[in-house]
Structures are given as C-alpha cells and as structure tokens.
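Undergrad: sequence unavailable; structure follows:
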C-alpha cells in the first residue's frame with residue numbers, strides 16, 4: 001500500500017489551525033502530505049472537499065492495492081469530517097477497476113463500493129451518486145467488455161442540511177419558447193390521475209432552467225491526455241465546476257486534498273471561491289501552481305476516430321456538456 005512521492009518527501013505544515021488554512025488558500029496548491037495537513041485544519045472551516053484521489057493500483061506515481069484502499073483512505077475521511085462545515089460536502093470522483101491478480105482477477109474489484117459504505121459508517125451522509133458520463137471515452141484493451149464511458153461521483157454531506165444551489169447548475173429547457181409561454185397562461189395546470197395527486201404543470205418552467213439530473217455529461221478533455229506537468233489523469237474543469245457551483249457558496253472554502261494538476265483550485269478560484277489543494281508529488285504541485293498563476297483553461301474536447309486515434313477540438317461554451 002504505497003503512494004509514492006517522487007522529488008523528495010512531501011513536507012508537513014509549519015502552522016496549525018487558521019494559519020495553516022490561510023497558507024493553503026494563499027498558495028493555491030501546496031506541495032504537502034494530506035495525511036499531515038488535514039489534522040491541523042480548523043474545525044468547520046471547509047465548505048467543499050472536491051477531489052479525485054488516486055485510483056487503486058492505476059498509476060505509476062501512486063500505487064494503492066485495491067484490497068487495502070479503504071484502509072488507506074478512511075483516515076483522510078475522518079480528518080476531513082472534522083474540518084468540514086455543518087453545511088459542507090465531500091464530493092468524491094472515483095472509478096473502480098478490473099483486478100489484476102488474486103481471486104478476483106479479471107473481475108471488477110468492489111473497493112469503490114466498500115469505500116462508500118465505510119465513509120457512511122464513519123458518519124458521512126451519503127446523499128447521492130452521480131454518473132460522470134464520458135461520451136468520448138477513448139477505446140482501449142478492456143477484455144470481454146466495452147470501453148469505460150463513465151465514472152462515479154459520490155456526494156457526502158456532513159450534516160442534515162447541506163448547502164445546495166440547484167439554480168446554479170440548471171440547464172436550458174428542452175421545450176420550445178412557445179410552449180413555455182403557453183404554460184404561463186394555464187390556470188388549471190394540475191391534473192389528478194388514478195396514480196394520485198398530479199403536479200402543477202404551470203410551475204414547470206418558472207425556474208429559469210431544468211434540473212440537470214444526476215448524470216453529468218462532460219467529455220474527456222485534451223489536458224487529460226497531453227498531461228499536466230507530467231500528470232496523466234487531469235480532471236476536466238467542467239466536471240469540477242458543476243459541483244463547485246452546486247455545493248459551495250460564493251466566497252466559500254474549497255479544498256482538494258489530492259490536487260493533482262490543480263483543476264479543482266483553478267475552477268474554484270474562477271468561480272469566486274477561496275480555494276486550495278494539497279499534492280504529495282512536488283513536480284505536480286509546481287506545475288499546478290504555474291497553471292493557477294496563468295489560469296490556462298485546460299478543457300479541449302477529445303475526439304476519437306474510428307481508428308482509435310485521438311485529436312483535439314475546442315469545447316463549445318455553455319452547458320457543462322459543451323452544448324450551446
């Protein structure tokens with residue numbers, strides 16, 4: 001069970017409490033070990049942890065055997081819980097994988113599901129499972145199965161009344177402008193049926209946009225494949241933006257304890273949040289800070305051809321899935 005940190009051992013915090021948090025927020029992304037930093041952060045100070053931790057046994061720079069993944073992650077969950085505001089969240093992007101050895105070789109390993117249950121037992125309120133739909137998943141060698149085209153995003157709240165801004169993530173209505181105007185004139189919109197008391201249809205289009213649902217369509221992006229400071233698993237900014245908008249207030253504190261290429265911090269700062277991150281690999285932390293300094297948008301859509309080749313195409317502005 002290892003998480004290698006090349007470029008020297010990552011340092012721990014020099015301060016504690018509010019001073020440690022202020023240092024993280026000022027730096028954007030700090031070269032440091034979350035196992036040492038998280039315990040010193042002040043209680044109730046973080047509005048949102050949005051992170052994509054190392055997947056089990058997936059990358060050369062961080063190898064954690066899936067059999068030991070829950071044991072490795074649970075201490076982080078404990079310390080994040082302490083530092084989370086009563087209205088705060090832990091939102092976790094994680095992907096299960098096919099076991100490479102042992103009795104489950106060739107099968108999907110259940111470590112992701114085991115982790116979710118372990119966090120729930122720890123006291124986190126498991127409120128939702130989102131699906132990150134990757135419409136342009138890159139083909140590969142997957143054995144007797146199709147290519148991976150989705151990943152899980154698990155949303156855990158600390159308390160019973162977490163902050164949640166649905167209006168910030170609404171998407172355009174699919175109906176015509178004419179139908180929306182007609183509904184405004186309907187004074188008898190509620191319809192009762194044999195199934196029970198029907199909803200009032202006159203209220204359907206009064207919110208400025210539709211509820212996007214729990215399937216979040218965000219194409220894989222070119223920064224994931226060209227690498228970011230050598231990081232080969234950079235998260236799309238639009239995925240981070242979706243949850244930052246929904247689960248943190250303006251000027252709220254957003255922290256990524258496994259910051260990688262710095263996507264969470266970049267997206268959060270752009271959206272007016274106070275953001276910081278921790279990255280155990282020095283080279284990645286330095287590249288993330290440079291990215292923050294220049295704030296280079298990294299989302300360029302990956303387009304796959306029939307031959308499996310990959311090329312880049314700019315994403316269209318607008319909705320999280322790039323739709324106009």
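TA: Yep, that arrived. Every value quoted in this text rests on a predicted model; they were computed, and no experiment measured them.
Undergrad: distance between the ends of stretch 25-40?
TA: 14 Å (Cα to Cα, to the nearest Å).
Undergrad: so for that stretch, what's the average pLDDT?
TA: Averaged across stretch 25-40, pLDDT comes to 97.
Undergrad: any weak-confidence spans in the stretch 151-300 of the chain?
TA: Low-confidence segments of the stretch 151-300 of the chain (pLDDT under 70): 188-202, 221-234, 296-300.
Undergrad: again, only using 80
TA: Within the stretch 151-300 of the chain, the stretches with pLDDT under 80 are 183-204, 220-234, 296-300.
Undergrad: residue boundaries of the strands in it?
TA: Using DSSP state E, counting those that start in this stretch, the strands assigned to the stretch 151-300 of the chain run over residues 215-217, 253-256, 274-279, 300-304.
Undergrad: so can I have CSV of these showing distance to residue 21 and mean neighbour count?
TA: No exception for glycine: its C-beta is placed from N, CA and C like everyone else's. Below are these laid out as CSV (distance: least, Cβ to Cβ, whole Å; neighbours: other Cβ atoms under 10 Å):
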stretch, distance to residue 21, mean neighbour count
strand 215-217, 29, 17
strand 253-256, 7, 28
strand 274-279, 8, 28
strand 300-304, 33, 18
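Undergrad: what's the closest of those to residue 163?
TA: Taking Cβ to Cβ, strand 253-256 is the member of the strands of the stretch 151-300 of the chain nearest to residue 163, at 11.7 Å.
Undergrad: buried stuff in the helix or strand that contains residue 36?
TA: Taking DSSP states H and E as the definition, residue 36 sits inside helix 34-37. By neighbour count with 16 or more other Cβ atoms under 10 Å, helix 34-37 contains the buried residues 34-35, 37.
Undergrad: pull out the buried residues from the lengthiest strand in the chain.
TA: Identified as the longest strand of the chain according to DSSP state E is strand 84-94. Using 16+ other Cβ under 10 Å as the test for burial, strand 84-94 gives 84-85, 87-94.
Undergrad: now stretch 19-31
TA: Within stretch 19-31, the residues scored as buried using 16+ other Cβ under 10 Å are 20-21, 23-25, 27-31.
Undergrad: roughly how far out does it sit from the chain middle?
TA: From the chain centre to the centre of stretch 19-31 is a distance of 20 Å (Cα atoms, centre = their mean, to the nearest Å).
Undergrad: contacts for it, please.
TA: 10-11, 13-15, 37, 40-42, 45, 253, 255, 259, 262, 265, 269, 274-282, 285-286, 288-289, 292 (Cβ atoms under 8 Å, 6 or more residues apart in numbering).
Undergrad: how does it look with 6 Å?
TA: Applying Cβ atoms under 6 Å, 6 or more residues apart in numbering, the contact partners of stretch 19-31 are 10, 13, 40-42, 45, 259, 262, 265, 274, 276-279, 282, 285, 288-289, 292.
Undergrad: buried ones among these?
TA: By neighbour count, with 16+ other Cβ under 10 Å, the contacts of stretch 19-31 hold 10, 13, 40-41, 45, 259, 262, 265, 274, 276-279, 282, 285, 288-289, 292 as buried.
Undergrad: mark which of these are part of helices, please.
TA: Using DSSP state H, 265, 282, 285, 288-289, 292 are the members of the buried ones among the contacts of stretch 19-31 that sit in helices.
Undergrad: now distance to residue 80 too, for those residues, in a markdown table please.
TA: Putting these into a markdown table (distance: Cβ to Cβ, whole Å) gives the following:
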| residue | distance to residue 80 |
| --- | --- |
| 265 | 16 |
| 282 | 23 |
| 285 | 19 |
| 288 | 20 |
| 289 | 22 |
| 292 | 22 |
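Undergrad: from those residues, which single one is nearest residue 238?
TA: Checking these against residue 238 by Cβ to Cβ gives residue 265 as the nearest, at 15.2 Å.
Undergrad: Provide a list of residues in contact with the closest residue to the closest one other than its chain neighbours.
TA: Distances taken as Cβ to Cβ, 6 or more residues apart in numbering put residue 275 closest to residue 265, at 4.4 Å, once the chain neighbours are dropped. When contacts are counted by Cβ under 6 Å, 6+ apart, residue 275 touches 254, 265, 268-269.
Undergrad: now, the most widely separated pair of the residues you listed?
TA: Pairwise across these, and taking Cβ to Cβ, the largest span is found between 254 and 269, at 8.7 Å.
Undergrad: residue 90 touches residue 156, doesn't it?
TA: Yes: shown here, residue 90 and residue 156 form a contact pair, counting by Cβ atoms under 6 Å, at 4.4 Å.
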